[in-house]
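Novice: below are the sequence and a predicted model for it; my questions follow.
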Amino acid sequence: MQLRPVNMQQLQTYGMAIGIEGASMAAYEYGISYLKKRKFMAGVVKTLKNWTDAVLALVISVISYALLANTLPEQGVRAIRVLGSWGVKEAILVGFRYRPAVVLTSKKVVEAFNLDPDKSVELWIDGSKVDVTAKTDSKGYVKIELASELTADVHKVLVHTGFKSAYTEQYIE
Amino acid sequence: MAELKAIRMALKVRRLLKAGRSGDIARIVDEVFSDAPQHVKEVVKAILSTEVHGKDPREVAREVGMKLGVKEEELDDFVDTIMMVAEELKEFIKPEKG
């Protein structure tokens, strides 16, 4: 096979494409974090738990594609498509327990997924360490009942098991 | 070992899609969300089967919100937020003039 080096114009097109796709993915990641702090997401997160990010990315992408694909230039279609790609990637990583996640399923319950198996858990809420004696099961899952209810609507939660950790900022009611 | 299993699974999804043997959305969802609880798969399939032809995007967003489990009283806020994100997205991907 004879290799033919790419020309400057091809490189420029390539550079623009990865710029648009990378920036789109960053915007989506911020977008999903923003959505998780909105009141209407409390029920969604309770249902989808650690699958929330993957499902949101995939469905927003597919619906946007169905609505807009025929009206957008190719770059626009690509920007919508990368969100779907990101969702598929997240779904596969969650399914294989590679991607740790933590969710507040009520004002008193924290659930964490895909942490280190059979390890003690350390929990931080809004920057303060919370005393817990919980341990993850063989799948790295743990459900923690808090001693008292959380008071605010949006909380920052960090959980770790020594090696793996998960963080979320989420609305809860 | 888990990493190798994951790589094989991801490659299997790619092979299936490239071969065009998973043309229907339900099959793709089953492959990609193979380890998700059944109710999560059902939510995804329900949303992806939303009819969009000739519909007002706000109406589509409302239907998606309902299928996602957003409460009735919060649907308007959901729709407004999704439309705002869509507007931002349109602005973001609009080709530069000149």
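Specialist: Received the coordinates, thanks.
Novice: A:Ile32 contacts A:Ala54, doesn't it?
Specialist: No - with contact defined as CB atoms under 8 Å, A:Ile32 does not reach A:Ala54; the gap is 9.8 Å. Bear in mind the C-beta positions are built from the backbone N, C-alpha and C, glycine included.
Novice: look at those two and report which has more neighbours.
Specialist: A:Ala54 (28 against 21; other CB atoms under 10 Å in any protein chain shown).
Novice: ok, that one - contacts?
Specialist: A:Ala54 makes contacts with A:87-88, A:90-91, A:94, B:33, as judged by CB atoms under 8 Å, 6 or more residues apart in numbering or on different chains.
Novice: got the domain ranges for the chain?
Specialist: As the question left the chain open, I've gone with chain A. Per automatic domain parsing, the structural domains of chain A span A:8-95, A:101-171.
Novice: wrong one, chain B
Specialist: Listed domain ranges for chain B are B:1-49, B:52-98 (source: automatic domain parsing).
Novice: looking at these, which one has the lowest mean pLDDT?
Specialist: When the domains of chain B are compared on average pLDDT, domain B:1-49 comes out lowest at a mean of 73.
Novice: could you give the separation of the lengthiest helix in chain A from the chain centroid?
Specialist: In chain A, ranked by residue count with DSSP state H as the criterion, the top helix is helix A:8-36. How far helix A:8-36 lies from its chain's middle: 17 Å, per CA atoms, centre = their mean, to the nearest Å.
Novice: same question for stretch A:42-58.
Specialist: Using CA atoms, centre = their mean, the offset of stretch A:42-58 from its chain centre is 9 Å.
Novice: what residues of it count as buried?
Specialist: A:42, A:44-58 (16 or more other CB atoms under 10 Å in any protein chain shown).
Novice: most tightly surrounded among the domains of chain A?
Specialist: Stretch with highest mean neighbour count among these: domain A:8-95 (a mean of 18; mean count of other CB atoms under 10 Å in any protein chain shown).
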